[in-house]
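# Here is the input, now give the coordinates:
(4 chains)
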Protein chains: 2
Amino acid sequence: MLRKRRSDLTGARQLRRHAPLFAALGDETRLKLVTRLCDRSPRSISTLADGMPITRQAITLHLQVLEKVGVVRGEMSGRERLFELNPEPLVQARDYLDRVSTQWDNALARLKKQVERPEE
Amino acid sequence: MLRKRRSDLTGARQLRRHAPLFAALGDETRLKLVTRLCDRSPRSISTLADGMPITRQAITLHLQVLEKVGVVRGEMSGRERLFELNPEPLVQARDYLDRVSTQWDNALARLKKQVERPEE
DNA sequence: CTAACATGCAATCATGAGCTTGCACATCGA
DNA sequence: TCGATGTGCAAGCTCATGATTGCATGTTAG
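Predicted structure coming up:
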């Protein structure tokens, strides 16, 4: 039976891939922007900045951060720039966290087994 | 039929709860520490710092960040402080990302429905 | 007891993140 | 055409973060 390639969580490639994404999500303002775009209606920067306690330029910077990690995509439409969500990186992040939890659970299973049959 | 309480992703409480966690994970070093602790074997600070390109004190700071958001728990054992993983916050973060994706998918469904029956 | 080890605490430093203000430029609407 | 609107760019400011060094303290092993 072919063994599926082990998903190595500690691999440097994994870390370099996921850390920036988590960093991008690690800000209340940006997290709010993400959740605001969940309804699939693209919004302009000004619209997104509306109601926020900070400047439009600050929002622009936050959107750039989100765009850099692919969570958000912006496209010019006339004089305004419409941003829409791209959930794919979020799904990848979710899967990553899932694998960590799974590894945690598997470790428990191995531990139990070892306790039952210590000589193995 | 009773409607389950809507999970409001944009709620300020949600953001304040999850943003610090994502921020804590948004660092390669800290992410590495988390994955190293996945095998359920508690490790001391020096052990965790071993092989890392930075100082032990720096590792201590990173562990404090992780401990603050509950991903990691440290307990003194003799002269060394053993850290172990606590996957619960990670699971919550995973669920949060899951809800975002779900909301994205639901929005598509609603959109389709609206196209089919625009008068509703 | 004593030397090696593990950690904690404090001072310090560099860098980057997050915001702001000010201005220039393009675009839409009346 | 002209004013209002939506953006972009750049300079600058403040403060938190990440990291270091140096030293003090507690603990273990021999």
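# which parts of chain A sit against DNA strand C?
When proximity is defined by C-beta under 7 Å from any atom of the strand, chain A lies next to DNA strand C at A:D27, A:T29, A:P53, A:I54, A:T55, A:Q57, A:A58, A:L61, A:H62, A:V65, A:G78, A:R79. (Each C-beta comes from the backbone N, C-alpha and C, glycine too.)
# Repeat the analysis, applying 10 Å as the threshold.
A:20, A:23-24, A:26-30, A:49, A:52-62, A:64-65, A:68, A:76-80 (C-beta under 10 Å from any atom of the strand).
# Now name the helix or strand holding the residue lying closest to A:D27 once chain neighbours are set aside.
Nearest residue to A:D27, sequence neighbours excluded (C-beta to C-beta, 6 or more residues apart in numbering or on different chains): B:A19, at 5.9 Å. Using DSSP states H and E, B:A19 sits in helix B:12-25.
# quick one, that helix and helix A:12-25 angle?
Helix B:12-25 and helix A:12-25 are oriented at 150 degrees to each other (axes from the mean of the first three to the mean of the last three C-alpha atoms, to 10 degrees).
# Helix B:12-25 close to DNA strand D?
Yes: under the criterion of C-beta under 10 Å from any atom of the strand, helix B:12-25 makes contact with DNA strand D via B:P20, B:A23, B:A24.
# ok, the first one touching B:V71?
Right, B:P20. No: counting by C-beta atoms under 8 Å, B:P20 does not reach B:V71; the two are 10.5 Å apart.
# neighbour count winner among those two?
It is B:V71, of B:P20 and B:V71, that has more neighbours when counted by other C-beta atoms under 10 Å in any protein chain shown, with 24 against 18.
# quick one: low-confidence ranges for chain A?
Within chain A, the stretches with pLDDT under 70 are A:1-7, A:117-120.
# ok, now with 90
For chain A, the stretches with pLDDT under 90 are A:1-16, A:107, A:109-120.
# what does it have sitting close to chain B?
A:9-10, A:14-16, A:18-28, A:31-32, A:34-36, A:38-40, A:85, A:87, A:90-91, A:93-94, A:97-98, A:100-101, A:103-104, A:107-108, A:111 (C-beta under 8 Å from any C-beta of the partner chain).
# Could I have the buried ones of those as ChimeraX selection syntax?
In ChimeraX syntax, the buried subset of those is picked out as below (16 or more other C-beta atoms under 10 Å in any protein chain shown):
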select /A:9,14,15,18,19,20,21,22,23,24,25,26,27,28,31,32,34,35,36,38,40,85,87,90,93,94,97,100,101,103,104,107
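# Run through who's touching stretch A:31-45.
A:25, A:48, A:52, A:56, A:59-60, A:62-63, A:66, A:71-72, A:75, A:80-85, A:90, B:9-10, B:14-15, B:18-19, B:22, B:100, B:103-104, B:107-108, B:111 (C-beta atoms under 8 Å, 6 or more residues apart in numbering or on different chains).
# coming back round to it: what helices or strands is the helix holding B:A19 leaning on?
helix A:12-25, helix A:28-36, helix B:28-36, helix B:56-68, helix B:88-116 (3 or more C-beta pairs under 8 Å, 6 or more residues apart in numbering or on different chains; DSSP states H and E).
# list the contacts for A:R16?
B:E28.
# Please determine how far it is located from DNA strand D.
With the distance defined as C-beta to the nearest atom of the strand, to the nearest Å, A:R16 ends up 14 Å from DNA strand D.
# A:P42 too?
10 Å.
# what's that residue sitting at in phi/psi?
phi -60, psi 140 (degrees, to the nearest 10).
# Count the neighbours of it for me.
A:P42 has 16 nearby residues by other C-beta under 10 Å.
# From what I see, the residue nearest to A:D27 and A:G26 are in contact.
Yes: using C-beta under 8 Å, B:A19 is in contact with A:G26, at 5.8 Å.
# How about the secondary structure of A:G74?
Of the three states, A:G74 takes strand under DSSP: H, G, I helix; E, B strand; the rest coil.
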